[in-house]
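Asks: Prediction below, plus the sequence it came from.
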Amino acid sequence: MKWIPLVEGQMPMQMIAELAICILFFSTCNYLLKKAGVGVPKFWAGILVWCFVNLFYLKYRIYPPIPFSVRAIYGTVSACGIFMWVSGSQEEWLEFKRPIINVLDGNTAFTKVLRTALLLLLPIGLGAFAYNSLLPSFDEPIELRTVHPAPPATTKVHGKTYVLQTAQQPYRIDTEGKYDPAYSNAHIVDQSMGRLMKDVNSSEDNPWDPNAKGYIKHVREGGEIFFQNCHFCHGDNLNGRGLWAFAFNPIPANFTDAGTIAQLQETFVFWRVAKGGIGLPGEGFPWASVMPPWEQHLTVDEIWKVIMFEYWHTGYYPRTWD
Amino acid sequence: MSMEQTYIVNSGTTRETMNRLEMDSRWRLGAPASLLALGVLMVGVGLGSPAFAQEAEGFVTNTLPGPPPAEQVEAGKRVYFTKCVWCHGVNGSGDGPGADRLWPRPRNFNAGTFKIRHTASGELPLIDVDLLQTVTHGLPGSAMPSWEGILSEDQRRDVLAFVTTELVQERSWQDEEFEELHVLELDKLAAAAVPASAESIKRGSELVIENKCIECHGLEGRGDGNAFNLKDDWGFSIQPADWHKCWNFRGSRQDAYNVKNIFRTFSTGINGTPMPSFADNTTVEDRWHIANYVGSLCERDTDVDIAGGQVTDEIAATLASAKPRGIDPLTDKPKVNFVIPSKFAEGELPKDEHDPRWYDERWEKEGRRIVAIGGQITHKPRNFVTRIDDIWVQSLYNETHVTMMFRWDDRTKSIQEDEVDWDPYEVNLADYGIVEQEPGGSRFDDDGMHPDSIAAKQTSYQVFNDGLAFQMPIKFQELPPPRKPRYFWGDEGFPVDIAKWTADGNLLAYEGTGWDQDLEGRDDFTEQLKLEKAEWKDGRWTVIISRPLKADYEADTYIELGKYIPINFFVWDGHNGDVGRKMGVSAFYYLVLEPPIPSEAKWYAGLAAVGLVIVEGWILTRRSNRRKELGTK
């Protein structure tokens, strides 16, 4: 069965929109049915909505799946919401309760059978549920890792100490060789679909133009390093879906996500790249990350260039101190 | 089968070769093959019936497409130089800066040779079907990702307009004189496909022997038949597909278990490789049988022993009834579960893979877990090619021992024959010449064979031992969760217990204290490790290792029931030149020895049920009292 694909980076908004559309659809159906004289009783409508949200949407639609404990919270919240909806007025509450009271009080053959069946089945069901939940179960433990831990004040790479507050990307230069972030930021890729370079025929926008100088030439050099070293995990589109991304845990960072390099200073990225997984503080799980300490593989210049490429290719600006 | 033979048996490729001869192409390797082929063709013409004049069953003739508008080519150039150039290179020769560390090597577009097509063997592909699907779904098992969701459909079509007009240089879709398109009517044929019944699977298993598929793909289809001598049109080493990993089929189109993709590849062949088209010598029905059989071998929820390809009715029925594995839409690979359960086994632990306790009904669905393997790319020498990309692990335990069964597909059995200068415990092998692949570089012109690329070197490594190792922390009980010793042989102060098996028959226990620290032998524990079985058969290793649960608390992992014990795995493929730190690694998994069901579970469940009965009684009494009240009013 094929679903509408979840759009990367937009999933929360898409989820809310989808749920809103579904609720709107239910309300419309409910209204139309009522108008047509075959209204669904509040009791069943409430159960239907609750089951749709919790047993279907949150369980099967969201990917990657959310843990049971989180779904339990949503389940409780949505149950509260439904109770508020059905108990808006005295009449509505009575209407909601009616099927329950009918089963408890009714004297027809049907309600008698149903009552007896429920009296037997409910305790059996509860017992089975209790038994199952008491069985030892061995789900994957949930371990919360800090993805962007606090950086140190300084970092020493290839014998030189860099102060993260003041260190500067040496290749963010215009065609004259002058440090110029405004210039480089004007020549990153477009943020629209595809994130493509602005003009393939301009030596200021196309890193592969033979006349490329300054910033954009260094972007190409950074890209070469990226595609010789980094794409195996971070992926050809820098979205963290490389060849081996699936084999590792924590999964590689997705640079196209607004929550990674887009909200970090360039010097923070420099520290993370140079020191790698093993250089993380404890909350970043240095023992599990396979991110190489790139100082073992690349020169300082190469690290700066590859970082600049990552910003160019994703169309983000590094966060600045001011 | 050599390349020359392929050209002779395959009429489609003959046509392709002739085009190339006529076109003064930069064709290098094909020269002897082309001459041979031309000879064959001339004989054919002499008899008045060139082989390609007839339409193979299931194909129709298509007209050639017109040239794309210039604006579209220009728009595609912008896409190409942003996204594709990094691997495929400025001239589309498959020699971008990333290419030298990639195997399979990125496609060289110049000759117009494309692997996955609906068109007959040797022909150009359909641009808006075949190439669009390749860009949309990617080519799994290679570095080519799916571009769906990253590039819009228009952008994907634009880049194809650029590639097919500017970078495919030796052939043209507008070349009426030499090009023809005979297209497999896949959707129509798939609508009347033979269902994958036990009979069809069994028939397919006979046909793959008759059609000599097994010569390359191996008796059980693990790609081990002629794993090391195959080359593509450019002279780069390639390997036959492993039928047990359909998610790695290049043409699987993010729909791995759909046999239609196998039917297509079998019908049209894979251009540029020794895989021919079988359209001329098999009927459509037989192709479905083969596709059904090949598809049924893809790993499912049970591990079916197919007895060296001698599929009986019983085996075919098991294959037909097994359920496909869940494929993770984020990775297009089987879903991974990081917990490896170990179940209690009565009596002695199993000695081989046939023991029924591996398969009994206590395992929910199945007991084996897939462990994804990536290249070791953290420290030098990095490993950029993982010929082994997953292993299967299953575990059982009794009162004193735990055993683990490892099974993984490896096309080659590798046992080191030459003497080496280092000792088995040494890990820093750079001084002995074990270095990583050079990055190559950026090229603005095509330099031919790329002899220094990883793709060219694939068959020239010194052969070392295949191997497998797993590490668990020593004194994990004292680690505050989630702290673990580093995945890479532990770290200072957090040592690990490593058990390493190598294909020369050694099973040794080491202590690891860091990625660059020589391993320390633990001879007393080595004596307690037991290699129950280590066998390579039809492209698959089966290695069963058992160890005591409770050894020395201070020096070995002291295994207790119900605890999550971090474990990770390392694997070496000797024919890939894997040795020392050049290897495949896994993420952290957890080994859990499942304790028996506690008796409290039953008591509490009963108590809860009785409690609810009491509550029900109370509610009913209240209701009936209330009814009486209302009645008396």
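Replies: It's in. Numbering: from 1, shown residues only, chains lettered A, B, ... in the order given.
Asks: Would you mind pulling up the elements that the least confident helix or strand in chain A by mean pLDDT packs against?
Replies: The helix or strand with the lowest mean pLDDT-type score in chain A, counting by mean pLDDT, DSSP states H and E, is helix A:90-105 (a mean of 86). In this structure, helix A:90-105 packs against helix A:42-51, helix A:68-86, helix A:109-134, helix B:600-632, with contacts taken as 3 or more C-beta pairs under 8 Å, 6 or more residues apart in numbering or on different chains; DSSP states H and E. Bear in mind the C-beta positions are built from the backbone N, C-alpha and C, glycine included.
Asks: how about the last one: buried residues?
Replies: What it means is helix B:600-632. Along helix B:600-632, these residues count as buried under the neighbour rule (16 or more other C-beta atoms under 10 Å in any protein chain shown): B:A601, B:Y604, B:A605, B:A608, B:A609, B:L612, B:E616.
Asks: Likewise for the shortest one?
Replies: Counting neighbours by 16+ other C-beta under 10 Å, one finds that the buried residues in helix A:42-51 are A:K42, A:F43, A:A45, A:G46, A:V49, A:W50.
Asks: and these as JSON lines, adding pLDDT?
Replies: Rendered in JSON lines, the data for these read as follows (pLDDT from 0 to 100):
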{"residue": "A:K42", "pLDDT": "85"}
{"residue": "A:F43", "pLDDT": "89"}
{"residue": "A:A45", "pLDDT": "88"}
{"residue": "A:G46", "pLDDT": "89"}
{"residue": "A:V49", "pLDDT": "90"}
{"residue": "A:W50", "pLDDT": "92"}
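Asks: Would you mind putting the helices and strands packed on helix A:90-105 into CSV with distance to B:D552 alongside?
Replies: As requested, these are arranged in CSV below (distance: least, C-beta to C-beta, whole Å):
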stretch, distance to B:D552
helix A:42-51, 54
helix A:68-86, 38
helix A:109-134, 35
helix B:600-632, 33
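Asks: which stretch among these comes nearest A:F270?
Replies: Evaluated over the helices and strands packed on helix A:90-105, closeness to A:F270 peaks at helix A:68-86, with 35.3 Å, by C-beta to C-beta.
Asks: and the closest one, anywhere near chain B?
Replies: No: Helix A:68-86 stays clear of chain B (C-beta under 8 Å from any C-beta of the partner chain), getting no nearer than 14.9 Å.
Asks: which helices and strands does that helix pack with?
Replies: Contact partners of helix A:68-86 among helices and strands, from 3+ C-beta pairs under 8 Å, 6+ apart: helix A:42-51, helix A:90-105.
Asks: quick revisit: now the least confident helix or strand of chain A: buried residues?
Replies: Buried residues in helix A:90-105, counted by 16+ other C-beta under 10 Å: A:F96, A:L104.
Asks: likewise stretch B:450-459?
Replies: Taking 16+ other C-beta under 10 Å as the neighbour-count basis, stretch B:450-459 is seen to contain the buried residues B:H450, B:S453, B:I454, B:A455, B:A456, B:K457, B:Q458.
Asks: For it, measure first residue to last.
Replies: Across stretch B:450-459, the straight-line distance between its terminal residues is 14 Å, by C-alpha to C-alpha, to the nearest Å.
Asks: how much distance is there from that stretch to the middle of the chain?
Replies: On the basis of C-alpha atoms, centre = their mean, to the nearest Å, stretch B:450-459 sits 21 Å off its chain's mean C-alpha point.
Asks: That one and chain A, are they touching?
Replies: No: judged by C-beta under 8 Å from any C-beta, stretch B:450-459 stays clear of chain A, getting no closer than 11.0 Å.
Asks: for the record, mean pLDDT for that stretch?
Replies: Along stretch B:450-459, the predicted confidence averages to a pLDDT of 88.
Asks: hmm, back to that, can you give me the offset of the least confident helix or strand of chain A from its chain's centre?
Replies: In this view, helix A:90-105 has its centroid 42 Å away from the chain centroid, taken as C-alpha atoms, centre = their mean.
Asks: Any residues of the stretch 1-150 of chain B in contact with chain A? List them.
Replies: The stretch 1-150 of chain B comes close to chain A at residues B:74, B:77-79, B:81-83, B:85-87, B:90, B:96-98, B:100-101, B:143-145, B:147-150, as judged by C-beta under 8 Å from any C-beta.
Asks: try 7 Å
Replies: Within the stretch 1-150 of chain B, the residues that sit near chain A (C-beta under 7 Å from any C-beta of the partner chain) are B:77-79, B:81-82, B:85-87, B:90, B:96-98, B:101, B:143, B:145, B:149-150.
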